[in-house]
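>>> what would the 3D arrangement of this be:
(chains A and B)
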There are 2 protein chains.
Amino acid sequence: MVQCYSPPFDAAFAALADVTRRGVLERLARGDASITDLATRFGMTLTGMMKHVGVLEQAGLVTTEKRGRVRECRLGPRRLDEEATWIENYRRLWNARFDALDEVVLELQRKEKRDGIRNRR
Amino acid sequence: MVQCYSPPFDAAFAALADVTRRGVLERLARGDASITDLATRFGMTLTGMMKHVGVLEQAGLVTTEKRGRVRECRLGPRRLDEEATWIENYRRLWNARFDALDEVVLELQRKEKRDGIRNRR
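Numbering: from 1, shown residues only, chains lettered A, B, ... in the order given. Sure thing, here's the model as predicted:
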């Protein structure tokens, strides 16, 4: 399995571990928005929203630009490709692991059945 | 986009935001292991590894069982299905957003070319 050790990989997962930050990404996918728009939309203070946007910006998921007195936010360059790949590989390993365990259980059941028949003879 | 607001969803992403915890999941996908095995494998103290395993357990990614003096760890029930779906939807929205921006840029370039031709006449 390809391991991704880079800090951006940690930062992206950490950024996604919050419902407001996921909501901000979904909102920005529909169009750019100012920090004020986002704060209003999510019922937060400006300071609270600036913190969330800061976490997303650090992870490369959002970029911001100051225009006069307004800070505009838009989706950043990070498209979550590596994160998607990691999760996909994990799910494949998970399935393989549990298929293997199922096989062990089936084999035990078959053995029990054979022993039962042998004991009844 | 289907939103996932449940705390387990936050907990799973937070659990993945650490290279050691991702490594533990990859290790357990190949077979069960004790906390001691994992601590040795990742060059950590038992206490440090117990904390990481605790985070993974809270997120449903690992289950543990005490056998005598050994705590055995195995993959938990959470297969990261919702997390994979969220990321996949996000990537689709991201692509749509940037395709739309590309179209705006192309349209501006076409307009500029038309205006240039008109001005030369």
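
>>> what about A:Ile117, neighbour count?
Number of residues near A:Ile117 (other C-beta atoms under 10 Å in any protein chain shown) recorded here: 9. C-beta: built from backbone N, CA, C; applies to glycine.

>>> for the helix or strand hosting it, packing partners?
Take DSSP states H and E as the rule and A:Ile117 turns out to sit in helix A:81-120. The contact analysis (3 or more C-beta pairs under 8 Å, 6 or more residues apart in numbering or on different chains; DSSP states H and E) places helix A:81-120 against helix A:7-16, helix B:19-29, strand B:70-75, helix B:81-120.

>>> relative to helix A:81-120, how tilted is the third one?
Pointing back at strand B:70-75 there. Here strand B:70-75 points in a direction 110 degrees away from that of helix A:81-120 (axes from the mean of the first three to the mean of the last three C-alpha atoms, to 10 degrees).

>>> now strand B:70-75: average pLDDT?
Mean pLDDT, strand B:70-75: 95.

>>> same question, stretch A:46-66
For stretch A:46-66, the per-residue pLDDT averages 96.

>>> give me the contact list for that stretch.
Stretch A:46-66 has contacts (C-beta atoms under 8 Å, 6 or more residues apart in numbering or on different chains) with A:8, A:11-12, A:14-15, A:18, A:20-21, A:24-25, A:28, A:35-36, A:38-39, A:42, A:44, A:71-78, A:80.

>>> so what's the residue count around A:Arg27?
A:Arg27 is flanked by 16 other residues according to other C-beta under 10 Å.

>>> mind listing what it touches?
A:Arg27 touches A:Ala33, A:Leu38, A:Arg41, counting by C-beta under 8 Å, 6+ apart.

>>> now it: how far from chain B?
A:Arg27 sits 10 Å away from chain B, going by C-beta to the nearest C-beta, to the nearest Å.

>>> roughly how far does that residue sit from B:Arg74?
39 Å (C-beta to C-beta, to the nearest Å).

>>> again with A:Val62
Taking C-beta to C-beta as the measure, A:Val62 falls 37 Å from B:Arg74.

>>> the two: which has the busier surroundings?
Each of A:Val62 and B:Arg74 has its neighbours counted (other C-beta under 10 Å); A:Val62 has more, 24 against 15.

>>> so in terms of bridging, what pairs with that one?
With DSSP bridges as the criterion, A:Val62 is bridged to A:Leu75.

>>> next up, the contacts around A:Glu88.
B:Ala84.

>>> also A:Asp10?
Contacts of A:Asp10 by C-beta under 8 Å, 6+ apart are B:Ala17, B:Asp18, B:Val19.

>>> are any of the residues you listed buried, and if so which?
B:Ala17, B:Asp18, B:Val19 (16 or more other C-beta atoms under 10 Å in any protein chain shown).

>>> hang on, A:Phe13 packs against A:Glu82?
No. Using C-beta atoms under 8 Å, A:Phe13 is not in contact with A:Glu82, being 10.2 Å away.

>>> neighbour count for the two, which is higher?
More crowded of A:Phe13 and A:Glu82, by other C-beta under 10 Å: A:Phe13, with 24 against 15.

>>> report pLDDT for that one.
96.

>>> for the closest residue to it other than its chain neighbours, give its distance to B:Gln109.
Excluding the flanking residues, the one nearest A:Phe13 by C-beta to C-beta, 6 or more residues apart in numbering or on different chains is B:Ala17, at 3.8 Å. Counting by C-beta to C-beta, the gap from B:Ala17 to B:Gln109 is 41 Å.

>>> ditto for A:Arg97
Separation of A:Arg97 from B:Gln109 (C-beta to C-beta) stands at 52 Å.

>>> cheers, nothing more for now.
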